[in-house]
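*Asks:* following is a predicted model, sequence given first.
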Amino acid sequence: MNDLTCIIIGGGHAGLGALKAIKEKTRRIANGRQIRFVLIDKQPGHMRKVLLFRPAVGEEEIMIPWTHYEFSEGVEFVQGMVTFVDSGEKQIRYTDAQGNDVRIHYDLLVVTVGSVVRQPDPNQGGISLTDLQSAAVIRECWRANLRQAVGETNPKERNRLMTVAVAGAGISGVETSAELALEMQKEASALGLNPSEISVYLLNGQERLFLEGPKKVGRKLNQILGECGVTVLYNCKAMWEEAGVVMLNNGDRLPVGLCIWTIGLIPNPALRTMGLPLTPDGQVLVDESYRVQGAPGVYSIGDCTRIVDPKTGKADGMRCADCGLQADRLGKIVIADLEGRTAPVHKSSSSIMDLFCIGLGENRGLVWGRKWGLNMVITGKPAWKFRNIAWKAGSKLL
Ligand SMILES: Cc1cc2nc3c(=O)[nH]c(=O)nc-3n(C[C@H](O)[C@H](O)[C@H](O)COP(=O)(O)OP(=O)(O)OC[C@H]3O[C@@H](n4cnc5c(N)ncnc54)[C@H](O)[C@@H]3O)c2cc1C
């Protein structure tokens, strides 16, 4: 009998988890047929997207080769950009690394092409933290500014060179600003500058931080950020950056050496032409067991998918933590579907427990959880350890 081909498009946090879960659950056999696994990604390895701010701050490598993973044994990894899913013919089309157009048949398909970082209009200036290239540009920019500040005799200009604005105060903006402030202070000391002259502003359009949890957690976050050297400006949005000045929505002008945008995620725009059913926002439409509507054998999870808890009606957010739970469940769904059994249905992570962890630089962090109406807050070194475990778990490194 022929092999079954299971293709996973996208080896991000969701795709990697899906590959592991389906491989482990099926043990590579379904109804007596061997399963051949193929993972297609436009990148040469798994990018730890949740750590994207690290290469903007230092030299950390956040790309992991596929072969690093034990569960990669026997899996074919293809570098290519998928352009279309032909669910009638059960084929996908992709452009390979050499630019050739290729078609490949699937029996099972998992779409996990994720999200991209939202970008402001190009004429709004600044740099968005979107990928490894922009992270490197950001790193070079603030470092060059500090080197220039060493010889700068005009105190106003020196202050500007030592100032960064991070626009957007979601978890990614919070983590970016904290680690950046600490690293800039270190670098300033090494260059003989006064580290207390480093200013990192986190521009928050809301009246408080961390809208996902209670006010007091937002206040705690504000306090820890202050200890890192980050000043949070509330009800404050960057309108544009030009020639070293950020124009704020209240009319103030903030002189900066660099403005970094961290304004959230949107579903991968490549989905618009991929041939799959989408919500108006551009996420793949699936049923309660992640099956893509009208496309037999096709599943979708992660940031690119609109996943709703049938009991609560609540949709999952674009969160790495949710991807892990979805991927584990998908393994059980796929084996149940293959064996003709009733498959599990989606349950949102918040119906199990609300849990958020935030890293705020070496040995600093904040973990907030809520269960049965009871709040739990952990800070300091234990929170940092927890955060590191979550980062590793998201990339299947535990
Ligand atoms: C800076 C930053 C910090 C974050 N911090 C947190 C956090 O603290 N906690 C949290 O829970 N979440 C966080 N997130 C969100 C988290 O990164 C996402 O929820 C998670 O990455 C979603 O995983 P995914 O696999 O669905 O998509 P992605 O991680 O976007 O992976 C998609 C994969 O598909 C590939 N791909 C895309 N298009 C194609 C194509 N056409 N053909 C082939 N391959 C393709 C990509 O190369 C990528 O490997 C953060 C995001 C960012 C940007």
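*Replies:* Okay, I see it. Residues are numbered from 1 along each chain as shown.
*Asks:* am I right that P280 sits in a helix?
*Replies:* No - P280 is assigned coil when assessed by DSSP: H, G, I helix; E, B strand; the rest coil, not a helix.
*Asks:* what's the pLDDT at it?
*Replies:* Looking at P280, its pLDDT stands at 98.
*Asks:* and if you look at M1?
*Replies:* 65.
*Asks:* neighbours of S351, how many?
*Replies:* Other residues lying near S351 total 12 when counted by other C-beta atoms under 10 Å. For every residue, glycine as well, the C-beta is placed using N, CA and C.
*Asks:* give me the mean pLDDT for the one helix or strand it maps to.
*Replies:* Using DSSP states H and E, S351 maps to helix 349-352. Across helix 349-352, the average pLDDT comes to 88.
*Asks:* same question for stretch 53-67.
*Replies:* 97.
*Asks:* how long is it end to end?
*Replies:* 24 Å (C-alpha to C-alpha, to the nearest Å).
*Asks:* do it and the ligand come into contact?
*Replies:* Yes - Stretch 53-67 reaches the ligand (C-beta under 6 Å from any ligand atom) through F53.
*Asks:* please shift the residue numbers so they start at 42 in all later answers.
*Replies:* Yes, from this point I'll number from 42; that puts the last item at stretch 94-108.
*Asks:* return the set of buried residues in that stretch.
*Replies:* In terms of neighbour count (16 or more other C-beta atoms under 10 Å), stretch 94-108 has its buried residues at F94, R95, P96, A97, V98, I103, I105, W107.
*Asks:* coming back round to it: partners of the helix or strand that the helix holding S392 is followed by, with directions?
*Replies:* Note on helix 390-393: by DSSP H and E, the next helix or strand toward the C-terminus is strand 395-400. The pairing partners recorded for strand 395-400 under DSSP bridges are strand 406-412 (antiparallel).
*Asks:* pull out the buried residues from the helix or strand just after the partner strand.
*Replies:* Next helix or strand after strand 406-412 toward the C-terminus (DSSP H and E): strand 415-420. The neighbour-count check on strand 415-420 (16+ other C-beta under 10 Å) flags I419, T420 as buried.
*Asks:* report the mean confidence score over strand 415-420.
*Replies:* Per-residue scores along strand 415-420 average to 96.
*Asks:* stretch 221-231 too?
*Replies:* Stretch 221-231 comes out at a mean pLDDT of 98.
*Asks:* which other residues reach that stretch?
*Replies:* The contact list for stretch 221-231 (C-beta atoms under 8 Å, 6 or more residues apart in numbering) reads 94, 97-99, 183-184, 187, 190, 203, 205, 207, 235-239, 241, 269-271, 301, 402-403.
*Asks:* and the longest strand anywhere in the chain, what does it pack onto?
*Replies:* Criterion DSSP state E: the longest strand present in the chain is strand 117-127. Judged by 3 or more C-beta pairs under 8 Å, 6 or more residues apart in numbering; DSSP states H and E, strand 117-127 is in contact with strand 74-82, strand 132-137.
*Asks:* would you mind putting these into JSON lines with distance to the ligand and mean pLDDT alongside?
*Replies:* JSON lines is the format used below for the helices and strands packed on strand 117-127 (distance: least, C-beta to the nearest ligand atom, whole Å; pLDDT from 0 to 100):
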{"stretch": "strand 74-82", "distance to the ligand": "4", "mean pLDDT": "97"}
{"stretch": "strand 132-137", "distance to the ligand": "6", "mean pLDDT": "98"}
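*Asks:* which of those has the highest mean neighbour count?
*Replies:* Ranked by mean neighbour count, these are led by strand 74-82 with a mean of 20 (mean count of other C-beta atoms under 10 Å).
*Asks:* what comes up buried for whichever helix or strand comes after that one?
*Replies:* Of the helices and strands lying after strand 74-82 in sequence (DSSP H and E), the nearest is strand 86-88. By neighbour count on 16+ other C-beta under 10 Å, the buried set for strand 86-88 is G86, H87, M88.
*Asks:* what residues does the chain put near the ligand?
*Replies:* So the chain meets the ligand at 50-56, 81-84, 88, 90-91, 93-94, 122-123, 153-156, 158, 170, 212-213, 309, 311, 343-345, 359-362, 364 (C-beta under 6 Å from any ligand atom).
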